[in-house]
Each structure stands twice: as C-alpha cells, then as structure tokens.
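Novice: I need the structure of the sequence given here:
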Amino acid sequence: VLTDPVVPCGQILALHLSTPSVFFLRGLPCSFDLQVTQCPDPPSYVPRTFTDNSDHMTFIQRVENFFLKSSESFLCNFAYLPFELLASDVLHRPVTMKELLSHGSIWLKRMDFVFEYPMPVMPNIVFIGGINCGKKK
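Specialist: Numbering: from 1, shown residues only. So this is what the prediction gives:
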C-alpha cells in the first residue's frame, strides 16, 4: 500500500490486510518518522522543525530545542488519539501511533539530503528529493 503517514488510514488498511506499506512523505509532525525508524534524534544536535536552527546551535537554541521536543510528544499524542482509537477498533487490539507506523517497509522522503538538514537515517529511508522541482526555463 502506497500511503502518506500523516493520516495513517492507509497504514491501518495495510495492517488489516497484512500487506507491506510504502510511505511517501515530506516529513511527519513530532518526528514520528525518525522515532519509528529508530534514527538517532538527540535534541542537542538535530534542530526541530520550524525553528530555523542549524546544526551549529547556541546553548539557548539547544535549550529551546529540548523544550520543543518535550512538548511535541504531549501534543502529538493528543492529536493522533483518534487514529489510535480507529486502529484499535479495526485491528481488535490496542495500537499506538508509533507501533502503527513502525510496520512501514520503505519510507520515500520527498526531501533532498544535500539541501535539507543532513541527519543519520536507517537503510529503509530513501531520499527522492528534486521531484517537486519545476523545469528551468
């Protein structure tokens, strides 16, 4: 099943049908994509989304990054609770969002490793950057 994990209905269907899933995404809120693929994501090194921080952060930026990472887990658990309940009803067992997304076979990320923030990734994450670029006149 080719699906976008931001709305995990396709992944729920893939688990219900016992078929592999391929995720096609730009990024996930709360760094779920890094957490479920077990990529290293230390808050002192990897800047949070929408902070405009680079990998050369000051102490204050690192503290801000740490607090943003801490608040993400609370907000995202609240935001994705309806999908967890839906998955639990369909699959007839309690399911968390991280468990649901951890069954993804391949993650196709629409970002360019060179232009975005370079980070360590797992082998099942494939960067397909440049597909959103228009032809130069």
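Novice: Report the separation between the most centrally placed residue in the chain and His56.
Specialist: Nearest to the geometric centre of the chain sits Asp33, at 2.3 Å (C-alpha atoms, centre = their mean). As for Asp33, its distance to His56 is 24 Å (criterion: C-beta to C-beta, to the nearest Å). Just so you know, the C-beta spots here come from the backbone N, C-alpha and C atoms, and that holds for glycine as well.
Novice: circling back: which helices and strands does the helix or strand hosting the residue nearest to the centre of the chain pack with?
Specialist: Asp33 is part of helix 32-36, with elements assigned from DSSP states H and E. Helix 32-36 is packed against helix 97-101, with contacts defined by 3 or more C-beta pairs under 8 Å, 6 or more residues apart in numbering; DSSP states H and E.
Novice: List the contacts of the helix it packs on.
Specialist: With contacts defined as C-beta atoms under 8 Å, 6 or more residues apart in numbering, helix 97-101 is touched by 5, 8, 11-12, 15, 23, 28, 32-33, 35-36, 76-77, 80, 83-84, 87.
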